[in-house]
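Asker: Sharing a sequence plus its predicted fold:
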Amino acid sequence: MQLFFLPDFVAYQSILLPEEEAKHCLKVLRMQIGESLHLTDGKGNLAVATLQNDNPKKCSLQIKNLTLHPKNYAHHTHIAIAPTKNADRIEWFVEKCVEIGIDEISFLQTEHTERAYFNVERIEKKAIAALKQSLKFHLPVINSPVPFSNFLKSQGQKTQEQTPKQLFIAYVGKVPPPHLFEVAKSNQSVCVLIGPEGDFSPNELTEAFQFGFQGVSLGNSRLRTETAGVVACHALQLKNEVGA
């Protein structure tokens, strides 16, 4: 299956592919008029459409079939991570987590964060590319950077207002905390905080504990920030696959 991304196409029978997607369809894949392709809007909808026009700037499609693929799981995986100094690394993190399976990504401004700004639009494009490559139909929510304290408050409020959520903060301590895989429960909403290259500060750890976050380890290896994020995502995915 060759998957294309187009938001909000569900209300229309005849649609136009965005120019970037149209060029890939016509110039790279060399698709011809009358051929079928698949579309997703990142919200669980999958459409089979027929190519009506081979003009890259006006590449029209006719939707022939539309199906909804609801999320068939109860868990919600949320990784909140401090952006890395190198933008390529955080893009790699987003790409791999989308391939593995993730529902929400947030970015944290911490005391040791070395990158205060990055292009959220570019991050979203990386997520869409990974969505198409891995043949998934649900695009994760990607939140703009927020101060660490503000994020803690928001998660604490959501935990009180909504169904119970497991809150974890991964860090390296003199006495290693339990591994995330051991303490996380399957089929639940889980949020894991991943610190910057210099790790969380002592004050940030204390503040997180005060808001109900539990300290966890991601293993014995010393991991880069982006690797730690992927390891946490994969550990939660495995936990939900095997249960318990």
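Answerer: Noted; the coordinates are in hand.
Asker: and the end-to-end length of stretch 155-174?
Answerer: 27 Å (C-alpha to C-alpha, to the nearest Å).
Asker: before we move on, what about stretch 107-123?
Answerer: So stretch 107-123: terminal residues 11 Å apart, C-alpha to C-alpha.
Asker: Can you give me the buried ones in it?
Answerer: Neighbour-count burial for stretch 107-123, counted by 16 or more other C-beta atoms under 10 Å, picks out 107-110, 113, 115, 118, 123. Just so you know, the C-beta spots here come from the backbone N, C-alpha and C atoms, and that holds for glycine as well.
Asker: next one: stretch 35-42
Answerer: 37-42.
Asker: Can you tell me which of those residues end up in strands?
Answerer: 37-40 (DSSP state E).
Asker: Low-confidence bits of the chain, can you list those?
Answerer: Within the chain, the stretches with pLDDT under 70 are 10-13, 157-164, 243-244.
Asker: what's the single longest helix in it?
Answerer: helix 225-242 (DSSP state H).
Asker: For that one, C-alpha coordinates in PDB please.
Answerer: Extracted in PDB, the C-alpha atoms of helix 225-242 (Å, rounded to 0.1, in the frame of the first residue of the first chain):
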ATOM      1  CA  THR A 225      18.000  12.300  25.300                       C
ATOM      2  CA  GLU A 226      16.500  11.200  22.000                       C
ATOM      3  CA  THR A 227      17.400   7.600  22.600                       C
ATOM      4  CA  ALA A 228      15.900   7.700  26.000                       C
ATOM      5  CA  GLY A 229      12.700   8.900  24.500                       C
ATOM      6  CA  VAL A 230      12.500   6.100  22.000                       C
ATOM      7  CA  VAL A 231      13.400   3.500  24.700                       C
ATOM      8  CA  ALA A 232      10.600   4.800  26.900                       C
ATOM      9  CA  CYS A 233       8.100   4.700  24.000                       C
ATOM     10  CA  HIS A 234       9.200   1.200  23.100                       C
ATOM     11  CA  ALA A 235       9.000  -0.100  26.700                       C
ATOM     12  CA  LEU A 236       5.400   1.200  26.900                       C
ATOM     13  CA  GLN A 237       4.500  -0.300  23.600                       C
ATOM     14  CA  LEU A 238       5.800  -3.700  24.600                       C
ATOM     15  CA  LYS A 239       4.000  -3.500  28.000                       C
ATOM     16  CA  ASN A 240       0.700  -2.900  26.200                       C
ATOM     17  CA  GLU A 241       1.400  -5.700  23.800                       C
ATOM     18  CA  VAL A 242       2.200  -8.300  26.400                       C
END
